[in-house]
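Chemist: Here is my input; please provide its structure:
(one chain, ligands or ions: 1)
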Amino acid sequence: MEALSERTLSVKDAVLTRRSIRKFKPDPIPRERLEEILSLALKAPSSNNLQPWRVVVIQNAEVKERLREAANNQAQVSSAPAVLVIYSDMKDTLEHVEEVLHPGFSEEQKQARAASFRKAWEGQSDEERENWGKAQGFILLGFLMLIARSFGYDTVPMGGFNAARVKEVLGLPSHVAITALLPMGVADEAGYEHHRHPLGRVVQWQ
Ligand SMILES: Cc1cc2nc3c(=O)[nH]c(=O)nc-3n(C[C@H](O)[C@H](O)[C@H](O)COP(=O)(O)O)c2cc1C
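Modeler: Sure, this is the predicted structure:
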């Protein structure tokens, strides 16, 4: 088999060719390719390396159909061969902070850091935790879109969904926060050309 890395686009080409795609070819994405895309995307940084994100990969047509209903009936959810649901679970994250502490730390350093993380989070409301976790998930989302594109797969990031319904369809606990849905597959339409602010509208130099 051809080495996987031989076929990837550069970051620049992935950025320039990525478009939101809402109509996909039915061809499934091989499991090992999905795993490679996910493994690479999980190198994304997160604040304090807490990695609060979790991902559900849905390939089952019946589940995709129910998910589509939970996402304002947007057709791309059932059109894509795979839909990734990116969410964060702050309860799980804070209960297991030791998992994310660097192995280079001494036992003492690990304990001190774990205690300081827990203390920092004690004063936060559920909503603040949820928003924080959700925001980290957007970093993963960005990585996923570009890595998928570099392997020739297209995506559309989606924030238009009923979070409670999505959790119900996927059997997720109520405390988790859904960042986005990400239908993924090979494009069966061109998508729109990029239409973006010029640099000067966005960037100030000081
Ligand atoms: C956070 C976020 C949420 C979005 N939600 C939806 C959505 O629910 N449905 C949809 O069709 N597109 C959605 N989009 C796609 C945007 O419409 C699209 O990225 C934007 O128009 C730019 O087009 P491009 O991605 O083709 O460059 C979303 C994009 C982002 C970043």
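
Chemist: Need the three-state assignment for Thr179.
Modeler: strand (DSSP: H, G, I helix; E, B strand; the rest coil).

Chemist: gap between it and the ligand?
Modeler: According to CB to the nearest ligand atom, to the nearest Å, Thr179 stands 8 Å off from the ligand. Glycine gets a C-beta too; all of them are placed from N, C-alpha and C.

Chemist: just checking, that residue touches Leu84?
Modeler: No - using CB atoms under 8 Å as the test, Thr179 is too far from Leu84 to be in contact (10.3 Å).

Chemist: neighbour count winner among the two?
Modeler: Thr179 (26 against 23; other CB atoms under 10 Å).

Chemist: Next one: the more buried one from Val55, what distance?
Modeler: According to CB to CB, to the nearest Å, Thr179 and Val55 sit 10 Å apart.

Chemist: Now for those two: what residues contact both?
Modeler: Ile86, Tyr87, Leu140 (CB atoms under 8 Å, 6 or more residues apart in numbering).

Chemist: neighbours around the last one, how many?
Modeler: The local packing of Leu140 (other CB under 10 Å) involves 27 other residues.

Chemist: got the contact list for it?
Modeler: Counting by CB under 8 Å, 6+ apart, Leu140 has contacts Ala41, Leu42, Ala44, Ser46, Trp53, Val55, Ile86, Thr179.

Chemist: try 10 Å
Modeler: Residues near Leu140 by CB atoms under 10 Å, 6 or more residues apart in numbering: 38, 41-46, 51-55, 84, 86, 88, 179-180, 182.

Chemist: just Pro26 next, same as before
Modeler: Per CB under 10 Å, 6+ apart, neighbours of Pro26: Ser79, Ala80, Pro81, Gly185, Val186, Asp188.

Chemist: chain center to the least confident helix or strand in the chain by mean pLDDT: distance?
Modeler: For the chain, the helix or strand with the lowest mean confidence is helix 107-122, at a mean of 90 (criterion: mean pLDDT, DSSP states H and E). Remark: helix 107-122 is offset 27 Å from the chain centroid, using CA atoms, centre = their mean, to the nearest Å.

Chemist: Stretch 46-55 now?
Modeler: Distance of stretch 46-55 from the chain centroid (CA atoms, centre = their mean) equals 11 Å.

Chemist: model confidence over that stretch, on average?
Modeler: For stretch 46-55, mean pLDDT is 96.

Chemist: now for that stretch, what's the gap between its first and last residues?
Modeler: 15 Å (CA to CA, to the nearest Å).

Chemist: swap in stretch 185-194?
Modeler: Counting by CA to CA, the terminal residues of stretch 185-194 are separated by 20 Å.

Chemist: you'd agree Thr93 is up against Ala114?
Modeler: No - with contact defined as CB atoms under 10 Å, Thr93 does not reach Ala114; the gap is 11.8 Å.

Chemist: The protein against the ligand: which residues are in contact?
Modeler: Contact residues (CB under 6 Å from any ligand atom) of the chain with the ligand: 19-20, 22, 74, 156-160, 180, 191-192, 194.
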